[in-house]
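[1] Structure, please.
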Amino acid sequence: MVIYFKYQLKRIKISSKSSIIFLSIFFLILKIFASSYLIEINKSIYELSFGFGNLIKNLVENGEFRSCFKEKCQYASRMPIIPLLIATLSHISKSQFIIAIIKNIFLSLFFIMNYLIIIKISLIDKKFVNKLFLVSLIVLSFSLPLIKHSSSITYEEGYLIEPIILWLISFLTALRLILIYKNKSASYKIILTTSLLGLLIFLIKSSMLLIFILSLSLVAFSFWKFYKNKGQKIYPLASIIICIVTLSAWGIHQLNKTGKFSIMTSYDGENFFRGNNDVSYKIYPHYSLDLIFNTQKISIKNELITSEILFPDFSKFTNEVEWNEYYKKMSKEWIINNPKKFFNFFIKKINNFYLSYKKTPYSIYENENQENNIKRIDKIFTAVWLIEGRIFLLATILLIIKRYMNNDKFMKIQSIIIILILLAYSIPYLIGFNYERHITPFLLIVIICFFSLKTISQKK
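    Numbering: from 1, shown residues only. Purely as a prediction, here's the structure:
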């Protein structure tokens, strides 16, 4: 695969904007094709799963950010960007299929627009930027799992993949402008772009908190690096103000509705619990961990796993703060009382995230025999993608070690930063739980980081 990508980069002129725009349009066509195959035309956006449907319905019909079940309402169950986007697009259509097409077009235009902004700001480092965009688009266009997840409107990865590419390339470019070229003006401008993309990613999915913190760390680093350059500090100051105002608005919304200020979601406690309890420990990664809330008897290879009680869902609690805190407390108690199981479960999650070639969860059903209807072709393409990604991960780790042992200061810093990026994405999924749809964007990040390191070595 490494040879293949190098060959592609030699064939295509790296500085060509038209090549990148063409590949972006090609990827858009693939996303639309995937949406037409995976999404039912007659389904309404109000039927979206993962709690989005009811939330969007209340936004559209009542103008309120809430989702209600059995006369009890949640006001912070999901981060705000996806519900607000779909509610806005609902004025055009309420069909899941139509909205998916519009969403795909919107994200592709957003991708191209931000590419043009980044390439304009990057100035003397345009070749580096173009190379990483080409790599990302080649990978996007030839990975079935990436096409499938990018085309979805049901879960966050359908909105996350393209913004996280933009964030990563912007972040890596900013580091080079600061440390290699010492270009203050360009550095500050691209840091504004990076921090806003980091904020966007976090507002899509709360598990991206560490990615957002890395963005803010870059802003702080630029202040420290160029503290004497007072005139240009308007850009990082603007990014900080925008982040504070936006997150304060989200936190105040929660304070008014739930009585607690928070910038996270009320689902975080339950998601934490999904990855830290006895039943999940036994069934992961064979089955979807949603089963712990609706199934008492699960069979894995003829071994019956029985849960004495069903874990209570939101409807059993007075409010969402109580629901969130209950599962956080349950998770912490299980970890403290079961250190050996916690460690073994953690190893399982590490294996699935970094090493396994199997699509997870293996099944979303109570009986493994029901999985026979899943198309084998999807599992084969997913396995191929995961294996390729693992190879790149190993190559990236070896390259990081090699670069860090170099006497060059920038290579050392860049190596450490890339490790932090990989950990920032991974850690929430290791603490909670991870499936293939969480791993696939990570492998794309790995591949982009690998080629950024290769570019460094060629420059030096």
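[2] correct me, but Ile431 touches Phe273?
    No - applying C-beta atoms under 8 Å, one finds Ile431 not in contact with Phe273, separated by 11.3 Å. Glycine gets a C-beta too; all of them are placed from N, C-alpha and C.
[3] Please say which of the two ends up with more neighbours.
    Phe273 (25 against 17; other C-beta atoms under 10 Å).
[4] And the pLDDT at Leu9?
    We have a pLDDT of 52 for Leu9.
[5] And the closest residue to Lys225 other than its chain neighbours, which helix or strand is it part of?
    Using C-beta to C-beta, 6 or more residues apart in numbering and skipping the chain neighbours, the partner closest in space to Lys225 is Ile178 (5.7 Å). Assessed by DSSP states H and E, Ile178 sits inside helix 157-179.
[6] Which of the residues in that helix are classified as buried?
    157-179 (16 or more other C-beta atoms under 10 Å).
[7] residues in contact with His149?
    With contacts defined as C-beta atoms under 8 Å, 6 or more residues apart in numbering, His149 is in contact with 157-158, 161, 437, 440-441.
[8] got those as CSV, with pLDDT and distance to Phe311 columns?
    Output for the contacts of His149, formatted as CSV (pLDDT from 0 to 100; distance: C-beta to C-beta, whole Å):
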residue, pLDDT, distance to Phe311
Glu157, 97, 25
Gly158, 97, 27
Ile161, 98, 31
Arg437, 96, 23
Thr440, 98, 28
Pro441, 98, 28
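[9] ok so, going back, can you list the helices and strands that the helix holding Ile178 packs against?
    helix 81-89, helix 96-122, helix 126-141, helix 144-150, helix 184-204, helix 209-225, helix 409-431, helix 436-459 (3 or more C-beta pairs under 8 Å, 6 or more residues apart in numbering; DSSP states H and E).
[10] Try it again at 6 Å.
    Counting by 3 or more C-beta pairs under 6 Å, 6 or more residues apart in numbering; DSSP states H and E, the packing neighbours recorded for helix 157-179 are helix 96-122, helix 126-141, helix 184-204, helix 436-459.
[11] hmm, back to that, can you tell me how far the residue nearest to Lys225 is from Ser187?
    5 Å (C-beta to C-beta, to the nearest Å).
[12] Leaving aside the residues adjacent along the chain, what's closest to the most centrally placed residue in the chain?
    Centroid-nearest residue in the chain, with C-alpha atoms, centre = their mean: Leu160, separated by 5.1 Å. Distance criterion C-beta to C-beta, 6+ apart; nearest residue to Leu160, sequence neighbours excluded, is Ile204 at 5.4 Å.
[13] Same check on Ala87?
    Leu59 (3.9 Å).
[14] and that neighbour, which of the three is it?
    helix (DSSP: H, G, I helix; E, B strand; the rest coil).
[15] And for it, the neighbour number?
    Count around Leu59 with other C-beta under 10 Å applied: 20.
[16] same question, Leu289
    By other C-beta under 10 Å, the residues close to Leu289 number 22.
[17] Next, count neighbours for the nearest residue to Ala100 once chain neighbours are set aside.
    Using C-beta to C-beta, 6+ apart and skipping the chain neighbours, the partner closest in space to Ala100 is Ser35 (4.2 Å). If you count neighbours by other C-beta under 10 Å, Ser35 ends up with 24.
[18] How much space separates Ser35 from Lys43?
    12 Å.
[19] Any regions of the stretch 1-150 of the chain where pLDDT drops low?
    1-15 (pLDDT under 70).
[20] and if you look at the stretch 351-460 of the chain?
    Short version for the stretch 351-460 of the chain, where the test is pLDDT under 70: 364-375, 456-460.
[21] how far away is the residue lying closest to Cys449 once chain neighbours are set aside from Arg437?
    Once flanking residues are discounted, Cys449 sits nearest to Ile418: 4.8 Å by C-beta to C-beta, 6+ apart. Applying C-beta to C-beta, the value for Ile418 to Arg437 is 23 Å.
[22] hang on, the earlier thing: adding distance to Ser19, write the contacts of His149 out as CSV.
    Converted to CSV, these look like this (distance: C-beta to C-beta, whole Å):
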residue, distance to Ser19
Glu157, 26
Gly158, 26
Ile161, 20
Arg437, 29
Thr440, 24
Pro441, 23
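[23] How is the protein partitioned into domains?
    Domain segmentation of the chain under automatic domain parsing yields 2-43+95-261+375-459, 271-349.
[24] could those go into CSV alongside distance to Arg66?
    Output for these, formatted as CSV (distance: least, C-beta to C-beta, whole Å):
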stretch, distance to Arg66
domain 2-43+95-261+375-459, 7
domain 271-349, 10
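[25] out of those domains, deepest packed?
    domain 2-43+95-261+375-459 (a mean of 18; mean count of other C-beta atoms under 10 Å).
[26] That one: how far from the chain's middle?
    9 Å (C-alpha atoms, centre = their mean, to the nearest Å).
[27] Kindly report the same for stretch 258-276.
    17 Å.
[28] Which elements pack onto the longest helix along the chain?
    For the chain, the helix with the greatest residue count under DSSP state H is helix 376-404. Counting contacts by 3+ C-beta pairs under 6 Å, 6+ apart, helix 376-404 packs against helix 144-150, helix 409-431, helix 436-459.
[29] what would those look like in TSV with distance to Lys329?
    Supplementary listing: the helices and strands packed on helix 376-404 in TSV, determined by distance: least, C-beta to C-beta, whole Å:
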stretch	distance to Lys329
helix 144-150	33
helix 409-431	16
helix 436-459	25
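[30] Quick one: closest of these to Met264.
    Of all those, it is helix 409-431 that lies closest to Met264, at 11.0 Å by C-beta to C-beta.
[31] residues in contact with that closest one?
    Helix 409-431 is contacted from outside by 179-180, 207, 210-211, 214, 349, 400, 403-404, 438, 442, 449, using C-beta atoms under 6 Å, 6 or more residues apart in numbering.
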